[in-house]
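Undergrad: Kindly generate the corresponding structure for this input.
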Amino acid sequence: MSAKCLDQQGRWRNVTVAFRVSPQEDALIEAAVKLSGLTKQDYIIKRLTDQEVIVQGNPKVYKALKGQLEQVLMELQQLTIGTTPTLDTLNVIRLIANVMDGMRNEPEPTPKMKGAKNDDQAR
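TA: As a prediction, this is how the structure comes out:
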């Protein structure tokens with residue numbers, strides 16, 4: 001028997017939702033989940049309920065980005081002249097671009113210098 005879970009609003013999560021996907025769809029879902037940094041359950045719930053998926057940059061997301069970029073690079077290197085990447089590869093590239101664009105637009109934390117006084121203390 002699985003453990004009972006509460007969601008963020010304190011509701012019991014005791015209903016199972018299952019569906020079948022192709023191996024290619026599964027790979028794309030797995031890539032999106034890894035790039036989001038969320039659990040698969042949280043990612044799918046956010047996407048299906050039309051909530052924004054916010055990616056927080058962390059080592060797990062960085063590792064997923066690196067792995068996905070390496071995989072895409074291998075797939076692109078295997079292409080011959082005149083052929084185009086598969087739709088799945090293009091979707092993964094789009095996911096990577098969206099994640100990196102979101103990370104680029106994150107406000108950078110202001111660095112705090114040791115021993116420096118703020119403006120209020122200096123006056």
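
Undergrad: who's in contact with residue 102?
TA: Applying CB atoms under 8 Å, 6 or more residues apart in numbering, we find residue 102 in contact with 54-55. Just so you know, the C-beta spots here come from the backbone N, C-alpha and C atoms, and that holds for glycine as well.

Undergrad: what pLDDT does the spatially most central residue of the chain get?
TA: When the chain is reduced to its mean C-alpha position, the closest residue under CA atoms, centre = their mean turns out to be residue 36, at 1.5 Å. We note a pLDDT of 88 for residue 36 in this prediction.

Undergrad: need the contact list for it.
TA: Taking CB under 8 Å, 6+ apart as the definition of contact, the neighbours of residue 36 are 43, 53, 55, 61, 99.

Undergrad: Helix or strand: which one has the fourth one?
TA: In this assignment (DSSP states H and E), residue 61 forms part of helix 59-77.

Undergrad: So which elements touch that helix?
TA: Counting contacts by 3 or more CB pairs under 8 Å, 6 or more residues apart in numbering; DSSP states H and E, helix 59-77 is packed against helix 23-36, helix 87-104.

Undergrad: can you give me how far the last one is from the chain middle?
TA: Averaging C-alpha positions (CA atoms, centre = their mean, to the nearest Å) puts helix 87-104 9 Å from its chain's average.

Undergrad: can you pull the buried residues of it?
TA: For helix 87-104, a neighbour-count test (16 or more other CB atoms under 10 Å) marks 89, 91-93, 95-96, 99 as buried.

Undergrad: Likewise for the shortest one?
TA: Applying a neighbour-count criterion of 16+ other CB under 10 Å, the buried positions in helix 23-36 are 28, 31-36.

Undergrad: could you check the angle helix 59-77 makes with it?
TA: On the basis of axes from the mean of the first three to the mean of the last three CA atoms, to 10 degrees, helix 23-36 is oriented at 140 degrees to helix 59-77.

Undergrad: pLDDT averaged over the helix or strand that comes right after helix 23-36 - what is it?
TA: Toward the C-terminal end, the helix or strand that comes next after helix 23-36 (DSSP H and E) is helix 40-48. Here the mean pLDDT over helix 40-48 is 91, rounded to a whole number.
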